[in-house]
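Trainee: Give me coordinates for this.
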Amino acid sequence: MFRYYVASILAVEIAALATLSAVAPDDAPVLLLFAVVPLTLVAALLARRRFESPVRWSLARRLSPEAIAGYRSRGLAIDTPEGLSRSIVERAEEIRRALEETPSDEVRVEMCALGYRACANDMITLTHLTNEALPTASLLQRMKLRRARKKAIDALTEARKALPPGALRSAPQERQ
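Mentor: As a prediction, the model looks like this:
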């Protein structure tokens with residue numbers, strides 16, 4: 001399909017340049033405009049290389065709804081205790097904000113409870129990462145690690161206070 005588009009664009013350019021050279025006076029520099037055709041071809045080849053690379057196609061073939069739903073970002077920034085702490089703090093603040101906006105919406109409360117549980121699980125991971133890093137860390141690094149853990153604990157505490165009573169006990173289906 002790409003070849004047909006490029007061929008049609010090149011055909012239109014050549015036809016336009018041929019018409020222009022037939023209509024233009026003899027002293028007009030029309031031959032300089034013929035450089036547009038190779039430039040278009042080069043631009044098309046570069047665009048194809050950029051947008052239809054094998055990496056993009058292999059990712060698209062492997063992409064599925066299950067892969068999207070199961071994706072959890074664990075980039076380089078989150079592999080460190082400080083990065084994980086920032087992630088927990090951001091999510092906990094978002095939970096608190098969402099519950100302040102509409103505290104009576106049952107679906108929103110359930111979603112926030114799920115988010116809180118995920119943050120609590122990440123807090124366990126943060127504690128393990130911090131405990132592993134503390135023995136070999138310098139004094140300054142120990143202070144940073146403890147401060148990061150304290151920020152995450154405080155943010156989770158505030159998010160927990162924003163949740164209505166009983167929101168973490170069980171799912172709505174189990175309460176009935």
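Trainee: Only C-alpha atoms from now on, for both contacts and neighbour counts.
Mentor: Will do.
Trainee: Pull the contacting residues for the residue in the chain sticking out farthest from the centre.
Mentor: Distance to the chain centre peaks in the chain at residue 26, reaching 57.0 Å (criterion: CA atoms, centre = their mean). Going by CA atoms under 8 Å, 6 or more residues apart in numbering, residue 26 touches no other residue.
Trainee: any idea how far residue 13 is from it?
Mentor: For residue 26, the distance to residue 13 (CA to CA, to the nearest Å) stands at 20 Å.
Trainee: again with residue 129
Mentor: Relative to residue 13, and taking CA to CA, residue 129 is found at 62 Å.
Trainee: Does residue 99 touch residue 110 like I think?
Mentor: No: Residue 99 is beyond contact range of residue 110, at 10.3 Å (criterion: CA atoms under 8 Å).
Trainee: Kindly report the domain assignment for this protein.
Mentor: Using automatic domain parsing, the domain ranges for the chain come out as 2-67, 73-175.
Trainee: and among those domains, the most buried is which?
Mentor: When those are scored by mean count of other CA atoms under 10 Å, the highest mean neighbour count falls to domain 73-175 (a mean of 16).
Trainee: and that domain, average pLDDT?
Mentor: Here domain 73-175 scores 85 as its mean pLDDT.
Trainee: which strands and helices sit next to the longest helix seen in the chain?
Mentor: Secondary structure of the chain per DSSP state H: the longest helix is helix 106-133. The contact analysis (3 or more CA pairs under 8 Å, 6 or more residues apart in numbering; DSSP states H and E) places helix 106-133 against helix 81-101, helix 139-162.
Trainee: ok, now with 6 Å
Mentor: helix 81-101 (3 or more CA pairs under 6 Å, 6 or more residues apart in numbering; DSSP states H and E).
Trainee: Just give me how far the helix it packs on sits from the chain centre.
Mentor: 17 Å (CA atoms, centre = their mean, to the nearest Å).
Trainee: Quick one: list the elements packing against it.
Mentor: Short answer (3+ CA pairs under 6 Å, 6+ apart): helix 81-101 packs on helix 106-133, helix 139-162.
Trainee: before we move on, the earlier item: can you tell me the SS state at the residue farthest from the centre of the chain?
Mentor: Classification of residue 26 by DSSP: H, G, I helix; E, B strand; the rest coil places it in coil.
Trainee: Distance of it relative to residue 44?
Mentor: 32 Å.
Trainee: Residue 91 too?
Mentor: 43 Å.
Trainee: Just the angle for the longest helix of the chain relative to helix 139-162, thanks.
Mentor: 160 degrees (axes from the mean of the first three to the mean of the last three CA atoms, to 10 degrees).
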